[in-house]
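Asks: I'll drop the sequence and a predicted model, then ask my questions.
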Amino acid sequence: MREPGGSVLRLLIGALVPTLLGLTAVAGLAPAAGSTSAADSTPTTGSVRWEQGLERALSVRALRGARVAAIVVRENDGEVLFARDPDRALVPASNLKILTAIAALDAFGPSHRFVTRFASEAPPDAAGRLQSLFVQGGGDPVLNSEDWWQIASQLREAGVREIQGDLVLDASAFDGQRWHPKWGRTSSRAYHAPVAGLTANYGAFKVVVRPGEHPGDAVPVAIDPPVDHLRVSNRARTGEANARRSLVIDRVAGAVGEHVLVEGVLPAGAAPVAVHRSVLDPVAYAGSLLRWQLASQGILVGGRVRVGPAPANAREILAFPGRALSEIVRLFLKYSNNQVAEALVKAQSRRVDSRPGNWPTGLLAQRRQLEEAGLWAPGARIVDGSGLGYGNRLTPRMLAEALVYASDSFRFGPEFRAALPIAGRDGTLEERGEEAPGQVRAKTGLLTRVVALSGFARSPTGEERIFSILVNGYRGSDEAAMDAVDGFAAAVAGEPAAPLR
């Protein structure tokens with residue numbers, strides 16, 4: 001990370017001031033130059049109540065017996081206001097995406113776009129015919145159905161009316177490893193979508209199942225997008241009105257494309273069931289979607305959809321730039337999209353190496369960026385970009401320092417902050433954070449027995465605070481643990497605070 005912003009100076013000052021003053025404050029986030037030291041500050045009644053509120057928030061039943069680490073710092077000078085084991089390295093879940101986002105924004109810049117290119121052996125002839133259409137993926141992780149329609153429309157504007165041969169897909173921007181090996185066995189759930197250099201709809205699709213008119217009827221099944229790559233195998237039936245719902249929706253590889261299996265019972269009169277599932281072959285899925293959108297524009301494809309490279313002498317017909325990285329980051333932080341996070345890691349690999357993007361090179365490039373910015377902590381470990389892996393380890397202080405760094409960045413700070421979910425308003429916090437609606441912007445994190453929340457909070461007096469809380473090994477429900485960290489964030493946004501005594 002190249003930007004020598006104010007947060008780097010704070011990191012240096014934080015490392016020196018405790019030594020010079022003979023304090024035991026922890027390096028990295030400590031009293032800023034010119035501020036009152038933590039040892040000399042006199043807490044007000046309000047600040048004492050605030051600190052007591054944080055202690056109460058960490059003492060709730062849902063967190064008893066769990067490993068909890070937390071920190072709160074003042075945003076404008078990085079001064080530590082509260083700390084509970086802040087250098088303890090714990091599993092961060094999706095709070096790791098904070099580092100992935102910062103590294104990508106810093107490496108590429110918020111206006112960067114991943115370009116998807118289209119070429120053929122020659123330009124369209126007088127009748128608009130092409131021999132083949134070569135599609136070269138550029139690693140854009142957020143191309144959706146509407147984008148592919150736009151691409152088809154722009155190809156028509158470029159004079160294309162027919163592709164006599166094949167639609168050839170080149171996804172060699174990334175390697176062929178679709179799922180990270182550290183994840184173990186993956187499911188068909190959308191959050192386990194595969195990673196590729198050419199994708200559509202985040203590697204996922206939607207299935208809507210409705211009950212039939214009468215018990216015993218087959219259930220109507222609709223797939224969005226309705227492409228040839230996805231073929232329904234429907235064994236589900238409509239049950240009696242009082243029957244128990246027992247739908248199972250999965251996907252398996254077929255001889256051609258993938259079969260969407262729908263089994264079980266949906267009671268008569270029940271509400272429609274809508275779920276998202278991941279595909280197994282994201283490249284073929286993207287090609288099938290493009291073929292469907294080309295047909296909507298009256299462009300015929302005479303051959304088949306297949307994978308292969310574009311010849312060196314192919315003539316470019318269209319370059320589609322996709323969304324700016326700032327928008328990509330907003331989509332993946334607001335909704336915690338794992339596939340986008342991993343694609344950004346592989347994009348980092350392509351940035352530093354001529355080989356196809358891959359996890360080992362991308363993660364190494366990302367770590368070097370963090371180290372250059374002073375954002376690496378002892379005991380930290382990053383095994384992927386999304387936080388799905390249980391081998392990841394971060395500290396609350398490391399996350400807080402990263403948030404300070406991003407906040408200080410003129411280059412991408414506003415875009416980063418705008419990408420975080422807002423409590424009670426949108427993203428993964430839309431139905432959470434009711435105690436401080438609109439006063440907290442933070443990244444959520446959830447795995448089995450892991451919950452995390454890190455971001456910004458605004459006090460009633462307008463003071464902005466940065467916080468991070470990581471919880472591992474709680475014994476109760478996920479809902480209770482999430483309520484507990486939400487309660488901590490609400491307490492952070494509470495009364496006036498004094499520096500840590």
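Replies: Right, received. Where do you want to start?
Asks: For P378, see how far away T186 is.
Replies: From T186 across to P378, the span is 31 Å (Cβ to Cβ, to the nearest Å). From N, CA and C alone the C-beta is placed, and that goes for glycine too.
Asks: likewise L333?
Replies: 26 Å.
Asks: Show me which of the two is the more surrounded one.
Replies: L333 (28 against 8; other Cβ atoms under 10 Å).
Asks: the helices in the stretch 51-200 of the chain, which residues?
Replies: Using DSSP state H, counting those that start in this stretch, the helices found in the stretch 51-200 of the chain span residues 97-108, 145-157.
Asks: Check the offset of the longest one from the chain's centre.
Replies: Between the centre of helix 145-157 and the centre of its host chain there is 26 Å, according to Cα atoms, centre = their mean, to the nearest Å.
Asks: Show me what that helix is packed against.
Replies: If contacts are counted by 3 or more Cβ pairs under 8 Å, 6 or more residues apart in numbering; DSSP states H and E, helix 145-157 sits against strand 116-120, helix 282-296, strand 315-320.
Asks: can you check the first one too?
Replies: If contacts are counted by 3+ Cβ pairs under 8 Å, 6+ apart, helix 97-108 sits against helix 325-334, helix 338-352, helix 359-372, helix 396-408, helix 413-419.
Asks: Now render these as JSON lines, adding mean pLDDT.
Replies: Shown next, in JSON lines, are these (pLDDT from 0 to 100):
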{"stretch": "helix 325-334", "mean pLDDT": "98"}
{"stretch": "helix 338-352", "mean pLDDT": "98"}
{"stretch": "helix 359-372", "mean pLDDT": "96"}
{"stretch": "helix 396-408", "mean pLDDT": "97"}
{"stretch": "helix 413-419", "mean pLDDT": "98"}
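Asks: want to try JSON lines for these, with distance to E55 as columns?
Replies: What follows is these, written out as JSON lines (distance: least, Cβ to Cβ, whole Å):
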{"stretch": "helix 325-334", "distance to E55": "30"}
{"stretch": "helix 338-352", "distance to E55": "34"}
{"stretch": "helix 359-372", "distance to E55": "31"}
{"stretch": "helix 396-408", "distance to E55": "16"}
{"stretch": "helix 413-419", "distance to E55": "28"}
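Asks: To P267, which of these lies closest?
Replies: With Cβ to Cβ as the criterion, P267 lies closest to helix 338-352 of those, at 32.9 Å.
Asks: Could I get the CA-only coordinates of that closest one as PDB?
Replies: C-alpha atoms of helix 338-352 as PDB (Å, rounded to 0.1, in the frame of the first residue of the first chain):
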ATOM      1  CA  ASN A 338     -17.600 -14.300  -0.900                       C
ATOM      2  CA  GLN A 339     -17.100 -14.900  -4.600                       C
ATOM      3  CA  VAL A 340     -16.300 -11.300  -5.200                       C
ATOM      4  CA  ALA A 341     -13.700 -11.200  -2.400                       C
ATOM      5  CA  GLU A 342     -11.900 -14.200  -3.800                       C
ATOM      6  CA  ALA A 343     -11.900 -12.800  -7.300                       C
ATOM      7  CA  LEU A 344     -10.300  -9.600  -6.000                       C
ATOM      8  CA  VAL A 345      -7.500 -11.800  -4.400                       C
ATOM      9  CA  LYS A 346      -6.900 -13.500  -7.800                       C
ATOM     10  CA  ALA A 347      -6.900 -10.100  -9.500                       C
ATOM     11  CA  GLN A 348      -4.100  -9.100  -7.100                       C
ATOM     12  CA  SER A 349      -2.200 -12.100  -8.400                       C
ATOM     13  CA  ARG A 350      -2.600 -10.900 -12.000                       C
ATOM     14  CA  ARG A 351      -1.400  -7.500 -11.000                       C
ATOM     15  CA  VAL A 352       2.000  -8.700  -9.900                       C
END
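Asks: First-to-last residue distance for stretch 253-263?
Replies: Using Cα to Cα, to the nearest Å, the span of stretch 253-263 from its first residue to its last is 17 Å.
Asks: in it, what's buried?
Replies: By neighbour count on 16 or more other Cβ atoms under 10 Å, the buried set for stretch 253-263 is G257, E258, H259, V260, L261, V262.
Asks: Of the residues you listed, just say which sits nearest to Q154.
Replies: When those are compared against Q154 (criterion: Cβ to Cβ), the nearest one is G257, at 26.4 Å.
Asks: From D228, how far off is the closest one?
Replies: 6 Å.
Asks: Give me the phi and psi for the residue lying farthest from the centre of the chain.
Replies: Distance from the C-alpha centroid of the chain, by Cα atoms, centre = their mean, peaks at A126 (45.1 Å). Main-chain dihedrals, A126, degrees, to the nearest 10: phi -60, psi -30.
Asks: distance of the nearest residue to Y335 once chain neighbours are set aside from P437?
Replies: In this structure, Y335 finds its nearest non-sequential neighbour in G427, 5.9 Å apart by Cβ to Cβ, 6 or more residues apart in numbering. Look at G427 and P437: by Cβ to Cβ, they are 13 Å apart.
Asks: who has more neighbours, those two?
Replies: Using other Cβ under 10 Å, the more surrounded residue of G427 and P437 is G427, with 21 against 14.
Asks: which ones are touching the more buried one?
Replies: L333, K334, Y335, S336, L420, P421 (Cβ atoms under 8 Å, 6 or more residues apart in numbering).
Asks: Give me the pLDDT value at the third one.
Replies: Turning to Y335, the model gives it a pLDDT of 97.
Asks: Give me the phi and psi angles of it.
Replies: With angles defined as degrees, to the nearest 10, Y335 sits at phi -110, psi 10.
Asks: hang on, isn't it packed against L429?
Replies: No - using Cβ atoms under 8 Å, Y335 makes no contact with L429, being 10.7 Å away.
Asks: Any buried residues in stretch 232-247, and which?
Replies: Applying 16+ other Cβ under 10 Å to stretch 232-247 flags A236, R237, T238, G239, A243, L247 as buried.
Asks: So which of those residues belong to strands?
Replies: Taking DSSP state E, the ones among those that sit in strands are R237, T238, G239.
Asks: Looking at those, spot the one nearest S47.
Replies: Closest to S47, out of all of these and judged by Cβ to Cβ, is G239, at 59.6 Å.
Asks: and the closest one, what are its bridge partners?
Replies: According to DSSP bridges, the residues that bridge with G239 are P267.
Asks: That one: what's it in contact with?
Replies: So G239 contacts P211, P215, R245, V265, L266, P267, A268 (Cβ under 8 Å, 6+ apart).
Asks: and the residues you listed, which two are the farthest apart?
Replies: Across the contacts of G239 (Cβ to Cβ), the longest gap, 13.5 Å, separates P215 and R245.
Asks: Just the pLDDT at the residue nearest to P124 when sequence neighbours are not counted, thanks.
Replies: The shortest distance from P124 to any non-neighbouring residue, by Cβ to Cβ, 6+ apart, is to G159 (4.3 Å). G159 carries a pLDDT value of 98.
Asks: Now do the phi/psi pair for G159.
Replies: phi 100, psi 0.
Asks: surely it meets A122?
Replies: No - counting by Cβ under 8 Å, G159 stays clear of A122, with 11.9 Å between them.
Asks: hang on, the earlier thing: looking at the ones in strands among the buried residues of stretch 232-247, spot the one nearest V219.
Replies: Using Cβ to Cβ, those come closest to V219 at T238, 5.8 Å.
Asks: what residues are up against the closest residue in space to the closest one that isn't next to it in sequence?
Replies: Once flanking residues are discounted, T238 sits nearest to G212: 3.9 Å by Cβ to Cβ, 6+ apart. With contacts defined as Cβ under 8 Å, 6+ apart, G212 is in contact with A218, V219, P220, R237, T238, A268.
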